[in-house]
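Peer 1: sequence? don't have it. structure:
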């Protein structure tokens, strides 16, 4: 089961801590706010370790991204592929980075025996962890309560504002349409709108 309230609070904390809120949200800026987390691209990791990108993909068991957890020192290393091969466009890269941040902030490594979690990889990862990381990424990068403020009225608007891929933007807008019909307004929605209006960067 996705911990919606928990994820909403974590994203609210991130938005509060951002010096300014500019869309599209830069996941790399969010990573710099996490004291125990570092980011490297697959390309940087390959260069540092004298190996090929294919070696990194095999290590991570994913063409997109993964997170390594150093349990002894309580540190995380997020790795994301910045190549556009395999339809890994910029929007998908942004989503992957948000997804991996979600694993870190949701504490999935602490709840799992695995020291590595991969997006779309071959590790035996609990489906609820992947669902939470996906929900975290979607809500971090394109939060429904801000759609009205951001003048988002279509999937194309989601794409241009959030920087997500065409597919992710379409899915997010479809879910937004369902959300509008069925949800009841919460304090979290009011809070994230207030924070955005205070910190928005025009």
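Peer 2: Yep, that arrived. Remember, it's a predicted structure, so these values are computed and weren't measured experimentally.

Peer 1: Break down this protein into its helices, ranges please.
Peer 2: 4-17, 27-32, 42-49, 53-60, 90-105, 108-111, 127-141, 155-162, 166-182, 187-199 (DSSP state H).

Peer 1: who does the first one touch, helix- and strand-wise?
Peer 2: In other words, helix 4-17. helix 127-141, helix 187-199 (3 or more C-beta pairs under 8 Å, 6 or more residues apart in numbering; DSSP states H and E). (Glycine included, C-beta is placed from N, CA and C.)

Peer 1: repeat for the shortest one
Peer 2: Contact here means 3+ C-beta pairs under 8 Å, 6+ apart; on that basis helix 108-111 packs against helix 127-141.

Peer 1: List the buried residues in the helix it packs on.
Peer 2: Across helix 127-141, burial judged by 16 or more other C-beta atoms under 10 Å covers 129-130, 132-141.

Peer 1: residues in contact with the residue nearest in space to the middle of the chain?
Peer 2: With distances taken as C-alpha atoms, centre = their mean, residue 98 lies nearest the centre of the chain, 1.4 Å away. The neighbours of residue 98, taking C-beta atoms under 8 Å, 6 or more residues apart in numbering as the test, are 25, 27, 30, 136-138, 140-141.

Peer 1: State the pair within these that is farthest apart.
Peer 2: Largest separation among the contacts of residue 98 by C-beta to C-beta: 30 and 138, giving 14.2 Å.

Peer 1: Now do the phi/psi pair for residue 81.
Peer 2: Main-chain dihedrals, residue 81, degrees, to the nearest 10: phi -80, psi 120.

Peer 1: Just give me how far stretch 190-202 sits from the chain centre.
Peer 2: Mean C-alpha position of stretch 190-202 versus that of the full chain (C-alpha atoms, centre = their mean, to the nearest Å) differs by 20 Å.

Peer 1: what's the average pLDDT for that stretch?
Peer 2: The average pLDDT within stretch 190-202 is 88.

Peer 1: tell me which helix or strand of this structure sits lowest on mean pLDDT?
Peer 2: The helix or strand of the chain with the poorest confidence is strand 116-118; it has a mean of 64 (mean pLDDT, DSSP states H and E).

Peer 1: Quick check: closest non-adjacent residue to residue 40.
Peer 2: Leaving aside its sequence neighbours, residue 40 sits nearest to residue 79 (C-beta to C-beta, 6 or more residues apart in numbering; 5.7 Å).

Peer 1: next one: residue 5
Peer 2: Nearest one to residue 5, counting by C-beta to C-beta, 6+ apart, is residue 188 at 7.6 Å.

Peer 1: returning to that earlier point: now distance to residue 57 too, for the helices and strands packed on helix 4-17, in TSV please.
Peer 2: What follows is the helices and strands packed on helix 4-17, written out as TSV (distance: least, C-beta to C-beta, whole Å):
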stretch	distance to residue 57
helix 127-141	19
helix 187-199	36
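
Peer 1: Ok, which of these comes nearest residue 176?
Peer 2: Ranking these by their distance to residue 176 (criterion: C-beta to C-beta) puts helix 127-141 first, at 9.9 Å.

Peer 1: That's all I had, so thanks and see you.
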